[in-house]
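In: Mind folding the following:
(one chain, ligands or ions: 1)
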Amino acid sequence: MRVAMIGTGYVGLVSGACFSDFGHEVICVDKDESKIEALKRGEIPIYEPGLDVLVNGNMRVGRLSFTSDLATAVPDADAVFIAVGTPSRRGDGHADLSYVFAAAQEIAPLLKDYTVVVTKSTVPVGTGDEVERLIRETAPDAAFDVASNPEFLREGSAIEDFKRPDRVVVGTTSERARDVMRELYRPLFLRETPMVMTNRQTSELIKYAGNAFLATKITFINEMADICEKVDANIQDVAKGIGLDGRIGKLFLHAGPGYGGSCFPKDTLALVKTAEDVGAPTKIVNSVVEVNADRKKRMATKIIEAAGGSVDGKKIAVLGVTFKPNTDDMRDSPSLDIIPILQEKGATIRAFDPAGMEEAGRLLPGVDWCENAYDTIAGADILVILTEWNEFRALQWDRVADAMPGRLVVDLRNIYFPHEVARQGFTYHSIGRSPAEAE
Ligand code: UDX
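Out: This is a model prediction of the structure:
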């Protein structure tokens, strides 16, 4: 099959590279010419484990190429994927669909033979209808169908998620389009990956419902963690105890500083707006959005309280600033809420992140960026763990004790056992586990 992938962001680039690895001929298109030039040289604009090898390998054998010219990619394609960004619209939280609609209008005059136009971007219910209308308006005689095919990949494990998904969701009632989609995902069906074939609206909603459910699960366990802290209970045992119930499931029950990233915050907000617009407001998702936003700020208060009520004049070492490990993505990262509050309260921040410091440097002024974990800790009063990168999971505590004069550790990701840190003479605060556990 021949595929045109419009948009070389996270979803577009990973999907394009993976489809080419499935054996299809893929041309990725992006308006950003410097990005395309870099990709042609094999330079990957995002940090994603394994993507470099996948892109370069498929480019070398000629299955994957890059262009900034839509006319090179669209006319011969069996499927044209729209994988452009749908950020939150400033002011009202609705998904900004201007890039999606612009892509639809630009594709329209280039369609030649029968083509399936696929929305892979996360788009609100009804967007597929509008994409179809726009194409039909520009090219009344074009032979095409519009299908929805949401992507569920996670940053940091994007390739694995794409190639071994729990399911593939396709929204179109056209049998012809369904056949094209089946052919595209054929390698997955050989492994019996379930395919949910449904209509476009349902498929569009599945993506939002899935992300909102996961965000709710995280927010729920975070609230349970707050209770744990008050009653000397242990959140990890609560998560295990409920997660072993097959109806609940053990994943996404890791309590932390609140979810961030490119999807959950934007998609929960957009779902709230859609729900309001269609007259079926959702109270649960509204609360999740509110509780999570509040939680990120409250994490700064947690650190201040752990420090005895003030961080004024204190040196705080922060390990990890990205919204999760194995990514350089800073979007809606809890660090963006926590660090400015600590600075405002008079603390000096030294920080290190294995991949996110370039972007973080722009977003978090006044932070002293360091070379590695131990360099960051040097001279600190307080150590705060914000992101659970693997390399922070095995700190040598005797080295930490030598490097920092303070004896306070606040671990917002629960990557240590309280007693092991306490044994080294530190006061250790974490999430949903009482400091008394360390004794
Ligand atoms: C998410 C969805 O998982 C994915 O299916 C969708 O396509 C895009 O959004 P991503 O944002 O890359 O993926 O990361 P994910 O691993 O889901 O984590 C999202 C946020 O939730 C992070 O801030 C993470 O720290 C937080 N999280 C996740 C928790 O706090 N606890 C958990 O148990 C899981």
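
In: The spatially closest residue to residue 437 that is not a sequence neighbour and the ligand: what is the separation?
Out: Using C-beta to C-beta, 6 or more residues apart in numbering and skipping the chain neighbours, the partner closest in space to residue 437 is residue 418 (4.4 Å). C-betas here are computed from N, CA, C, even on glycine. Distance, residue 418 to the ligand, by C-beta to the nearest ligand atom, to the nearest Å: 19 Å.

In: Work out the gap between the lowest-mean-pLDDT helix or strand in the chain and the centre of the chain.
Out: Within the chain, no helix or strand scores below helix 186-190, which has a mean of 90 by mean pLDDT, DSSP states H and E. Taking C-alpha atoms, centre = their mean, to the nearest Å, one finds the center of helix 186-190 at 26 Å from the center of the full chain.

In: which of the residues in it are buried?
Out: The neighbour-count check on helix 186-190 (16 or more other C-beta atoms under 10 Å) flags residue 188 as buried.

In: Touching, residue 268 and residue 284? I think so.
Out: No - checked against C-beta atoms under 8 Å, the pair residue 268 and residue 284 is beyond contact range at 10.2 Å.

In: more neighbours, these two?
Out: residue 268 (24 against 13; other C-beta atoms under 10 Å).

In: Can you tell me the SS state at the more buried one?
Out: At residue 268, secondary structure determined by DSSP: H, G, I helix; E, B strand; the rest coil is helix.

In: mind listing what it touches?
Out: By C-beta atoms under 8 Å, 6 or more residues apart in numbering, the contact set of residue 268 is 211, 212, 215, 285, 288, 289, 292.

In: now swap in residue 180 and tell me
Out: 1, 78, 79, 116.

In: Retrieve the pLDDT associated with it.
Out: Note for residue 180: predicted pLDDT of 98.

In: just to revisit the earlier point, name the nearest of the contacts of residue 180 relative to the ligand.
Out: residue 79 (19.8 Å; C-beta to the nearest ligand atom).

In: Counting neighbours, what do you get for the closest one?
Out: Residues near residue 79, counting by other C-beta under 10 Å, number 24.

In: do residue 386 as well
Out: Neighbours of residue 386 (other C-beta under 10 Å): 27.

In: Please renumber the chain so that the first residue is 896 from this point on.
Out: Got it, the first residue is 896 from now on, which makes the last one we talked about residue 1281.

In: Please identify the helix or strand for residue 1304.
Out: Secondary structure assignment for residue 1304, by DSSP states H and E: strand 1303-1306.

In: quick one on the thing from earlier: my read: the residue nearest to residue 1332 touches residue 1327, true?
Out: No - using C-beta under 8 Å, residue 1313 is not in contact with residue 1327, being 11.2 Å away.

In: Mean confidence (pLDDT) on the helix of greatest length in the chain, please.
Out: In the chain, with assignment by DSSP state H, the single longest helix is helix 1095-1126. For helix 1095-1126, mean pLDDT is 97.

In: List of residues touching the least confident helix or strand of the chain?
Out: Contacts to helix 1081-1085, defined as C-beta under 8 Å, 6+ apart, come from residues 917, 918, 1058, 1060, 1063, 1077, 1090.

In: Narrow those to those that are buried.
Out: Neighbour counting over these (16+ other C-beta under 10 Å) leaves 917, 1058, 1060, 1063, 1090 as the buried ones.

In: could I get the residues you listed as TSV with distance to the ligand?
Out: Below are those laid out as TSV (distance: C-beta to the nearest ligand atom, whole Å):
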residue	distance to the ligand
917	19
1058	14
1060	9
1063	13
1090	17
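
In: what's the closest of the residues you listed to residue 1152?
Out: Proximity of the buried ones among the contacts of helix 1081-1085 to residue 1152 (C-beta to C-beta) peaks at residue 1060, which lies at 27.8 Å.

In: who touches the closest one in this structure?
Out: Residue 1060 makes contact with 1047, 1048, 1083, 1088, according to C-beta under 8 Å, 6+ apart.
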